[in-house]
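[1] curious how this folds, go ahead:
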Amino acid sequence: MKYNRGNKSLFWCQILVLFVLLFTSCSREEQPVHYSSLVMGTFCDLTFITAPGTNPDNIANAVFNRIRYLESLWSFYRPGSEISRLNREGRIKSSPATRALLKNAREISRISDGAFDITVAPLMSAWKEAEKAGEPPDLKPLLSLVGYQKLKIEEDGTVYFLKKGMAIDLGGIGKGAAVDEAVYLLKSYGVKSGIVNLGGNLYAFGAGPHQGKWKVGIQNPRGEGVIGAVLIKDRGVSTSGNYQRYFEIGKRQYSHILNPKTGSLEGNYPEGVTVIAPTALLADGLSTALTVLGSEKGITLAEETPGVEALIIMSGPVFYTTKGFPTINSPHPDPLRGCPAPPLRGEG
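    Below is the predicted model of the structure:
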C-alpha cells in the first residue's frame, strides 16, 4: 500500500474538477486525519475524524484497498477485469458489486432518456482512434451498437449484450460508485464525519467545520481556480465540463462527453455542470447526462429527480440552477470576472 498522511494533494490536485475547503478550526480532541493515494488513475483523498479506540492508518488502508479491488473489477483497460471480459466475450457472470453498479447505471440512462449511457464505449474508441489518425471518425456504423436497453442484467449476476460488438465503459460513473463504497466502509469503522474525494467526485458526511456543513469549491470552467463555494452535508458532488479533457483533431477540440444517440456533442452545450445528489454515484452519472441535455432539459431532469440539485453554466456566462441549489459564496460579485476565454470548441 502507498499512501501519504497529510499529503498536500488533499487540497490541490490539477486533475480534480472540484476541490474541498477543509477544516479551518477543530478542537484538539477532533483533529482530522488526512490521507491521499493514487487509485483509479487519479488521487483519492480522505479526511475523517476517527472514532475512539480505532487506528486511522488501518481504516485508510482498508478504504484504498477496497477502491483498488473495485478498479480490478471495473477497469476498461485491465484485460482481466469483469468489464474487459464482458467487452470481449459479450456475456459474463458478474460479481455483486459489478451487477449493482450496472443496474444503477442503467437506471440513470432510463431517467435521462439515454443522455447517459455506459454502452457508448464503441463511439469513444472511435474518437480515440480518430485523434491518432488526425481525422474525425465515421460514427454511423457504430450507432447501432449503442443503447442501454441492449445490456441485459439477470438476477443471478449474468450480464450480456444483445448485439455483437457492443462494449461498456464505466468512466462516467465508476469513480462515483467507488466514493460511495469508501464512505460506507468508513462508517462501518465508526467514522461519524468525513469526506472522500476521488478525482473530483466526492461525498461529504457528518458534521463539517462550516456551520455544521462542508465547504466545497466549484471549478471555474474557463480556467484555473473556482467560481465560489457551496455548503453541503451528507451529499455527493460531481462536476463535468470540457475544460480538462477533450479530443483534439487537427486544430479543433471536440468534447469528450458524447451524446450517445449521435456520437458527438453539438450545439450550445454547457461549459460546466455541477450536480449535488444523495449519492456520489448519482451525482457522477447525472453530471454527464445534464451536459448532454443542456440547460433547459438538464435543469428539468434535476428538478424531477428526488434529492438532486444542479448548476449549469452556459456561455456568456449564464447560470442556470435548480430551485434548491445552495447559495454560491463567491469571492467577488462576478464569479467569472477576469477569467480567460474558454478554449476553442468544435462539434462533438
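
[2] what is the helix or strand hosting Asn65 packed up against?
    If you go by DSSP states H and E, Asn65 is part of helix 56-74. Helices and strands touching helix 56-74, by 3 or more Cβ pairs under 8 Å, 6 or more residues apart in numbering; DSSP states H and E, are strand 33-39, strand 42-49, helix 82-89, helix 96-111, helix 174-188. Just so you know, the C-beta spots here come from the backbone N, C-alpha and C atoms, and that holds for glycine as well.

[3] any idea where the helices of the stretch 101-250 of the chain begin and end?
    Applying DSSP state H, counting those that start in this stretch to the stretch 101-250 of the chain gives helices spanning 121-133, 174-188.

[4] if we can go back for a sec, can you put the helices and strands packed on helix 56-74 in JSON lines and add distance to Gly157, mean pLDDT and mean neighbour count?
    Shown next, in JSON lines, are the helices and strands packed on helix 56-74 (distance: least, Cβ to Cβ, whole Å; pLDDT from 0 to 100; neighbours: other Cβ atoms under 10 Å):
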{"stretch": "strand 33-39", "distance to Gly157": "25", "mean pLDDT": "95", "mean neighbour count": "20"}
{"stretch": "strand 42-49", "distance to Gly157": "27", "mean pLDDT": "94", "mean neighbour count": "23"}
{"stretch": "helix 82-89", "distance to Gly157": "10", "mean pLDDT": "97", "mean neighbour count": "18"}
{"stretch": "helix 96-111", "distance to Gly157": "5", "mean pLDDT": "97", "mean neighbour count": "18"}
{"stretch": "helix 174-188", "distance to Gly157": "17", "mean pLDDT": "97", "mean neighbour count": "23"}
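
[5] adding distance to Lys150, write these out as CSV.
    Listed next are these as CSV, based on distance: least, Cβ to Cβ, whole Å:
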stretch, distance to Lys150
strand 33-39, 31
strand 42-49, 30
helix 82-89, 13
helix 96-111, 11
helix 174-188, 20
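
[6] among these, which is nearest Leu142?
    The closest of those to Leu142 is helix 82-89. By Cβ to Cβ, the value is 14.1 Å.

[7] can you list contacts of that closest one?
    73-78, 92, 94-95, 98, 121, 159-161, 166-170 (Cβ atoms under 8 Å, 6 or more residues apart in numbering).

[8] ditto for stretch 104-122
    Outside stretch 104-122, the residues that touch it by Cβ under 8 Å, 6+ apart are 76, 87, 102, 142, 145-148, 150-151, 153, 165-170, 172-173, 177, 258-261, 281-282, 285-286, 288-290, 292-293, 301, 305.
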